[in-house]
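Student: Structural data only, the sequence is not supplied:
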C-alpha cells in the first residue's frame, strides 16, 4: 500500500445489508492495512465485529453514533433533525481531520446533503457532482454528473469538466485526460442551448477538450472524462447497467437451449465470469462526490462485502491523491471562461439573441 | 402477406451504400410481394436494377428524381432548393396517394424537414417524433423521441406518449401498452420540471401510465412505450448500442484467450450469433417518424440490404395499420390534459410557483 493516510470513516448502518456487509467489508479492507473507523450505534457495531470474530489486532475502531438515517427519510430533514446520525458523524470525522474520507452505502441523498452541510464546497465549486468510473475495456473513463444535479446551468457543466479532469489525472492517473460533453451527436450544431454554451466555454479552457461525444463513446475508451447533467448521466448509467443485464440474460438463455451450447457454455464460463466482473458495479465500488471539501464516496445501496471493500479502496485512493483543493481551484476558472464566451456573444450579437429566445 | 397496400416509395439515393444496397433491399422486399417505387435519377437506378439482374416480373417501378441530398447538406435548405430531390419526390408520392409510405436511409434531418413540408403534421401534432423499437428479449418496447426534438416542452412529451401508445397498439399489436416517462429514478419526486409536469398530465390521461421508468428498464420488458425528449432518447439509444458493442468486444477477446475458451467459443457461436441478431439495428430496420400526415420511416445511414428490406417491412406494417389519423386525434388530447393540470396547480398555488421559478 502507498503513502499512509488517516483512517477511512465508514457508515456502519448504511445500505440494504448493514451492518453485516459493512463490517465484513471493513474487516477485509483492514486486513489489507487500511485503518477504518466504523460509525454507528456502538453496541450494535461491536456485537457485529465480535460475531464476525474480527481480530483485535486489526486497525478498526468504532465511533458511537446512536441515530440511523432510513432509506426513505427526507435527506435534508434527516440531517438537520438527527444530529447524531451515523452519516453525519462520519462526515464530521473528515471535517475534523480524524478521518481522511467518509464512505456510506446508505441514503445517498442524505449523504450528499450532509456532505454539503458538514464539509461544504471546495473553493468556488457551485454544486458537487457524483463521479461514476465506467467499466470500459480500455482506459478508466469517468462520467460526471451521474445523478446529483438534475437541472444544470452552463456554469455547472463547465465546473464538472474542470473538476473531473483533476480527478482523472490525480486519482486515476490518466496523464492528459480527454474531456468531452455528452450530446446527441458529434457536430457542434448538436446538443441543447445548455451544452452549446458549455462547449464554447470549454473550447477555450486549456483542457484537452474534444467537443461532443455520444452515448456509444462512453465505453469506447477514446474519452476519459464525460461531462453531462445529472439527469442525462443517470439515464446513461442505468441504461448501460440495463443493457448489460439484458444481454447477460439473453446469453444465459441461449447457452441452455442446445446441447452444443450447453457444452460450450461450460467451457466459456470463466471467460464470461471475467466479463461479468469487469462490468460489475461491485468491483467499481463507489462513486466519489466531487467538489465537497473532503473525500466522500457513495457506495451502492445493495453493497455486499466486496463492494464495501472496493468503496473503501476508492476513498483511500482519493484521500492519498489529496486533490480536494486543486479541484476547488480548477472549478474557480469556470466563471471567467463563461464570461469570455458571453463577451464574444455580445460583440457578435448573434448567439446572445439565440440564448435569450431559448431561455 | 396481409392486406395489400399501395407501393412503398424508397429513396434510392440515401445512405452510405446507395444505390447498391437500397436496390438490393428493394428487390428482396419485392420478392416477398411488396410493391416498391424506387425514387432517384432514373438512368442510374435502372442501371443498378439491370446490374443486379432484377427480374422484370418484380413489382418494382422507378420514379425519376434528378437531384440528390448529400449527408452534409443543410436539411431545410436542401429541401427548399432542390425541389426534385429523391427524398422530396418520395414524400410527394405519399402525399398524392401513389405510395403508402416513404423510406430513406439518407440525410435524416432533410427527411424530417421534408416530411414536415410535404406531408405536414397529422391533426394537432406539434412535433413529429422518431420512434425506436428496442431490441428487448421480451415484448416489443418502443422509445420516443429518439432524436428529432432536442428541446421539448411538457406538451410535446404528453403528445409523444399519446402518439406512441397508438403506434404500440395498432402497429406492434401490444394489447394495452404500458406507458412510462424516462427519468433518473422511479419516485414521483425525481425528474426535471419538464418530466414532472408531463407526468402529472399523463396521470389523468386514461393511458396505462406507470409514472417514471429508469434507463435500466428500457430492455426489461415491463414498459411498452418509453417517452422522453430527443436529447435524452438519443443518448440512451446510443448508450445501448455502445454497451452492446463493448460487451461483444470483451466477449470476443475473452473467447480467444485460453484453449478451453476457444473450444467453447466454437460451440457457442450459434448462440452468440442469435443474440447479435436480436440486438442488431439492421434487424429492426428503421425508425418511423410519428406524427406526420403519412407513413415515413428513417433507415440507418449505413443500411445494408437486410436493413433496407426490414425498413420497408416496417413501413408496410405502418401503412397497413393505417393509424395516422388516430395518432393525430390522440395527440389532440394533450392540451386539455395540461390545461387541467395547470388549473389544479393554480388553485393550490404550489406547483405554479415552482414552475415559474424554474422557467
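Tutor: Received, thanks. Predicted, not measured: the structure shown is a model, and the values here were computed from it. Numbering: from 1, shown residues only, chains lettered A, B, ... in the order given.

Student: Could you give the secondary structure assignment for residue A:190?
Tutor: Secondary structure for residue A:190, judged by DSSP: H, G, I helix; E, B strand; the rest coil, is coil.

Student: Quick check: it vs residue A:212, distance?
Tutor: Remark: distance between residue A:190 and residue A:212 (C-beta to C-beta, to the nearest Å) = 6 Å. For the C-beta atoms, the positions are set from N, CA and C on the backbone; glycine is no exception.

Student: hey, what's in contact with both of these two?
Tutor: residue A:183 (C-beta atoms under 8 Å, 6 or more residues apart in numbering or on different chains).

Student: Burial check on residue A:216, number of neighbours?
Tutor: When neighbours are defined as other C-beta atoms under 10 Å in any protein chain shown, residue A:216 has 18 of them.

Student: right, I mislabeled it, should have said residue A:97
Tutor: Counted with other C-beta under 10 Å, residue A:97 comes out at 9.

Student: What residues does it make contact with?
Tutor: With C-beta under 8 Å, 6+ apart, residue A:97 has these contacts: residue A:6.

Student: what about 7 Å?
Tutor: The contact partners of residue A:97, by C-beta atoms under 7 Å, 6 or more residues apart in numbering or on different chains, come to none.

Student: Surely it is within a strand?
Tutor: No: counting by three-state DSSP, one finds residue A:97 to be coil, located in no strand.

Student: Chain B versus that one, what's the distance?
Tutor: Applying C-beta to the nearest C-beta, to the nearest Å, the value for residue A:97 to chain B is 34 Å.

Student: which strands and helices sit next to the helix or strand where residue A:27 lies?
Tutor: Taking DSSP states H and E as the criterion, residue A:27 maps to helix A:20-31. Helices and strands touching helix A:20-31, by 3 or more C-beta pairs under 7 Å, 6 or more residues apart in numbering or on different chains; DSSP states H and E, are strand A:36-40, helix A:42-51, strand A:60-64, helix A:305-321.

Student: Around chain B, pick out the residues from the stretch 1-150 of chain A.
Tutor: A:136, A:137, A:147, A:150 (C-beta under 7 Å from any C-beta of the partner chain).

Student: Give me the spatial nearest neighbour of the last one, chain neighbours excluded.
Tutor: Pointing back at residue A:150 there. residue A:231 (4.6 Å; C-beta to C-beta, 6 or more residues apart in numbering or on different chains).

Student: which helices and strands does the strand or helix carrying that neighbour pack with?
Tutor: With elements taken from DSSP H and E, the one containing residue A:231 is helix A:230-257. Applying 3+ C-beta pairs under 7 Å, 6+ apart, we find helix A:230-257 packed against strand A:142-144, helix A:259-278, helix B:230-257, helix B:259-278.

Student: Tell me the buried residues in it?
Tutor: A:230-244, A:246-247, A:249-251, A:254-255 (16 or more other C-beta atoms under 10 Å in any protein chain shown).

Student: Residue A:31: how many residues sit nearby?
Tutor: Counted with other C-beta under 10 Å, the neighbours of residue A:31 add up to 14.

Student: how close does it sit to chain B?
Tutor: Relative to chain B, residue A:31 is positioned 30 Å away (C-beta to the nearest C-beta).

Student: related to what we said a few turns ago, tell me the angle of the helix holding residue A:231 relative to helix B:230-257?
Tutor: Per axes from the mean of the first three to the mean of the last three C-alpha atoms, to 10 degrees, the angle that helix A:230-257 makes with helix B:230-257 is 40 degrees.

Student: what is the mean pLDDT for helix A:230-257?
Tutor: Rounded to a whole number, the mean pLDDT of helix A:230-257 is 89.

Student: next one: stretch A:171-191
Tutor: For stretch A:171-191, the per-residue pLDDT averages 95.

Student: And chain A, what are its domain boundaries?
Tutor: Using automatic domain parsing, the domain ranges for chain A come out as A:1-120+A:292-321, A:127-282+A:323-359.

Student: which one of the ones you listed has the lowest average pLDDT?
Tutor: domain A:127-282+A:323-359 (a mean of 88).

Student: Pull the distance from that domain to the chain's centre.
Tutor: Distance of domain A:127-282+A:323-359 from the chain centroid (C-alpha atoms, centre = their mean, to the nearest Å) equals 12 Å.

Student: before we move on, what about stretch A:42-52?
Tutor: 29 Å.

Student: Buried residues of that stretch, list them for me.
Tutor: Across stretch A:42-52, burial judged by 16+ other C-beta under 10 Å covers A:44, A:45, A:46, A:48, A:49.

Student: residues in contact with it?
Tutor: With contact meaning C-beta under 7 Å, 6+ apart, stretch A:42-52 is reached by A:12, A:19, A:20, A:23, A:24, A:27, A:38, A:60, A:62, A:64.

Student: Also stretch A:153-165?
Tutor: A:125-127, A:129, A:131, A:142, A:144-145, A:149, A:177, A:179, A:181, A:194, A:197-198, A:201-202, A:207, A:225, A:227, A:229, A:290-291, A:327, A:330-331, A:333-335, A:337-338.

Student: now do stretch A:312-322
Tutor: A:2-3, A:5, A:8, A:10, A:25, A:29, A:34, A:36, A:100-101, A:103, A:170-171, A:285-286, A:288, A:295, A:297.

Student: go on, stretch A:114-121?
Tutor: Contacts of stretch A:114-121 (C-beta under 7 Å, 6+ apart): A:79, A:87-88, A:91-92, A:94-95, A:128, A:289, A:291-294, A:296.

Student: just the buried members of those?
Tutor: Buried, going by 16+ other C-beta under 10 Å: A:79, A:87-88, A:91-92, A:94-95, A:128, A:289, A:291-294, A:296, out of the contacts of stretch A:114-121.

Student: still on that earlier bit, output the helices and strands packed on helix A:230-257 as CSV; include the columns distance to residue B:108.
Tutor: Compiled in CSV, these are given as follows (distance: least, C-beta to C-beta, whole Å):
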stretch, distance to residue B:108
strand A:142-144, 27
helix A:259-278, 34
helix B:230-257, 11
helix B:259-278, 24
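
Student: Out of those, flag the one nearest residue A:70.
Tutor: strand A:142-144 (27.4 Å; C-beta to C-beta).

Student: Give the pairing partners of that closest one; include direction for each.
Tutor: Paired strands of strand A:142-144, with direction, are strand A:132-133 (antiparallel), strand A:225-227 (parallel) (DSSP bridges).

Student: before we move on, back to that, okay, among the contacts of stretch A:42-52, which ones form the most distant pair?
Tutor: The two members of the contacts of stretch A:42-52 with the most space between them (C-beta to C-beta) are A:24 and A:64, at 20.6 Å.

Student: Fine by me, thanks again.
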